[in-house]
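A.B. asks: Starting from these lines, generate the structure:
(one chain, ligands or ions: 1)
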Amino acid sequence: MSKTAILELDGNKYEFPVIVGTENEVAIDIDKLRSATGAITIDPGYKNSGSCKSEITFLDGEEGILRYRGYSIEQLAGNANFLEVSYLVIFGELPTAKQLEQFETDIRKYTLINEEMKNIIDGFPKNAHPMGVLSCLTSALTAFNPKSVNVENEKEMYEAVCKTMAKFLVIATWTYRKSMGYPLNYYDNTKGYVENFMRLMFELPTGPYAANPTIVAALDKLFILHADHEQNCSTSTVRMVGSSHAGLFASISAGVSALWGPLHGGANQAVLEMLEEIQKNGGDADKYLEKAKDKNDPFRLMGFGHRVYKNFDPRAKIIKKAADEVLATLGVNDPILNIAKKLEESALVDEYFVSRKLYPNVDFYSGIIYRALGIPTDMFTVLFAIGRLPGWIAQWKEMRVNKEPIGRPRQVYTGPALREFVPFEKR
Ligand code: ACO
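C.D. replies: From the prediction side, this is the model:
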């Protein structure tokens, strides 16, 4: 028997349907709330509000579970590669070997960027933050691809997916090349996607470059761990912007801006900066732990806490293990890592953090591993964006294919009630 929820307001009773998801998540469907009762709900930060039904990602923050299309993040990170997982996230099923090969071949068709994009990137100062530049360049791609995608047409949608996967990776690395004053590099269609990331970033015209396979494998895993995370701030932004039928590049550009903030993807950069500051000030991790607990101090322990995970972030567990392995293989002995370990140890037994269920999140370790791989600090969030791209595309596609209505929340107005206009001389 289907469940219902009863609401009593001003002495009247209203009944609302209850929706139950695949994993038994329960939601009260309030679609008819306002028309039936005249009232709306208020939920700042959307802590209790589902914005959509989605078949892409399941996460259980209490149990520390993350799955893409039903497959556990642990199995995917242990067995698949990033393009394979991207295909899964975007199209719903793991690709066959043939489909995966075709996907990579089709992405390669679009890896060349219009040379006029270079004029745009030249307009930025060298010290511009790469995330700001990436957001602008992604939006600028619209100018070179003005035709909007017909989401009903599978072939067109597939081409748009391949194009976005191809071009976003290249322009993401260009933001770094620009900041370093290096010539912009081109994708090499004879090499793999993640290997190309390293080449695009670090290969110089002055000498041969060979990407370290340990680094490529570690990055591949990191990208998989970031591939989707259901309705987080940047993904909700992508869906919201796309709900007005703005194009894929414009929607993803907005997602990049949302991801940039230090409370979201920008935390990976903030974690590293925090660890560096602790090191510079004598390495006393406990002092910073006390600062984080002090309500009169705005300082927060970056990389700790999560809106949905009230248990260990499953991605953090995998990254922590990967960080140990990669650092050992590369022979990196980073004192910053010891500070991170000390902070984690202390926080995990500290009453403040324990009672608020504040565990290390994905960003706590990703920064450490990126640093060991030789990635510059202000590119950390760009790497997050590269990893999250398949999720943004999948969510945009799902929202459009499901013909979701334009996103338009309501509000409770608390400003002045109607008042008479006051002329200048009387103000
Ligand atoms: N350090 C110290 N205290 C914290 C932290 C932290 N990192 N995070 C939360 N708290 C405290 C809050 O002060 C609050 O305490 P109170 O109940 O005494 O007022 C309580 O824990 C709950 O915090 P909220 O801010 O209400 O939790 P919310 O779910 O809104 O925020 C967030 C989650 C934004 C991630 C928060 O934990 C935070 O700012 N963390 C640091 C930034 C960070 O690492 N962001 C990356 C998130 S992962 C991602 O986006 C990929």
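
A.B. asks: May I have stretch 400-407 exported as PDB, CA atoms only?
C.D. replies: These are the backbone C-alpha positions of stretch 400-407, laid out as PDB (Å, rounded to 0.1, in the frame of the first residue of the first chain):
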ATOM      1  CA  ARG A 400      16.700  17.800 -19.800                       C
ATOM      2  CA  VAL A 401      15.700  14.300 -20.900                       C
ATOM      3  CA  ASN A 402      13.200  14.100 -18.000                       C
ATOM      4  CA  LYS A 403      11.900  17.500 -19.100                       C
ATOM      5  CA  GLU A 404      12.200  19.000 -15.600                       C
ATOM      6  CA  PRO A 405      10.600  22.400 -15.100                       C
ATOM      7  CA  ILE A 406      12.700  25.500 -14.800                       C
ATOM      8  CA  GLY A 407      14.200  25.800 -11.300                       C
END
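
A.B. asks: And it, what's buried?
C.D. replies: 400, 407 (16 or more other Cβ atoms under 10 Å). (C-beta placed from N, C-alpha, C; glycine too.)

A.B. asks: Number the residues from 351 up from this point.
C.D. replies: Happy to do that; since the first residue is 351 now, the last one works out to stretch 750-757.

A.B. asks: what's it in contact with?
C.D. replies: Here stretch 750-757 makes contact (Cβ atoms under 8 Å, 6 or more residues apart in numbering) with 401, 402, 403, 501, 502, 589, 590, 592, 593, 594, 595.

A.B. asks: does the second one count as helix, strand or coil?
C.D. replies: So that's residue 402. The three-state label given to residue 402 by DSSP: H, G, I helix; E, B strand; the rest coil is coil.

A.B. asks: which residues touch it?
C.D. replies: Contacts were defined as Cβ under 8 Å, 6+ apart; by that measure residue 402 touches 581, 589, 748, 749, 752, 754.

A.B. asks: Can you narrow those down to the ones near the ligand?
C.D. replies: By Cβ under 6 Å from any ligand atom, no member of the contacts of residue 402 lies near the ligand.

A.B. asks: of the residues you listed, closest to the ligand?
C.D. replies: Nearest to the ligand, judged by Cβ to the nearest ligand atom, of these is residue 581 at 12.2 Å.

A.B. asks: and the gap between that closest one and residue 420?
C.D. replies: Remark: distance between residue 581 and residue 420 (Cβ to Cβ, to the nearest Å) = 18 Å.

A.B. asks: Taking the stretch 651-777 of the chain, what residue is nearest to the ligand?
C.D. replies: Here the stretch 651-777 of the chain gets closest to the ligand at one residue, residue 655, 2.3 Å apart by Cβ to the nearest ligand atom.

A.B. asks: Residue numbers of the stretch 501-650 of the chain in contact with the ligand?
C.D. replies: 613, 614, 615, 617, 642, 650.

A.B. asks: Ranking by neighbours, what's the top pick from those?
C.D. replies: Top of those by neighbour number is residue 615, holding 30 neighbours under the definition other Cβ atoms under 10 Å.

A.B. asks: Quick check: nearest residue in space to that residue, chain neighbours excluded?
C.D. replies: Spatial nearest neighbour of residue 615, chain neighbours left out: residue 609 (3.8 Å); criterion: Cβ to Cβ, 6 or more residues apart in numbering.

A.B. asks: swap in residue 610?
C.D. replies: Nearest one to residue 610, counting by Cβ to Cβ, 6+ apart, is residue 481 at 4.1 Å.

A.B. asks: The residue nearest to residue 615 - how many residues pack around it?
C.D. replies: For residue 609, the count of nearby residues is 25 (other Cβ under 10 Å).

A.B. asks: likewise residue 645?
C.D. replies: Residue 645: 5 surrounding residues under other Cβ under 10 Å.

A.B. asks: hang on, the earlier thing: where does the residue nearest to residue 610 sit, in terms of helix or strand?
C.D. replies: Assessed by DSSP states H and E, residue 481 sits inside helix 480-494.

A.B. asks: coming back round to it: mind listing which of the residues of the stretch 501-650 of the chain next to the ligand are in helices?
C.D. replies: Residues of those located in helices (DSSP state H): 617, 642.

A.B. asks: so where is the stretch 601-750 of the chain shaky, pLDDT-wise?
C.D. replies: Residues of the stretch 601-750 of the chain meeting the criterion pLDDT under 70: none.
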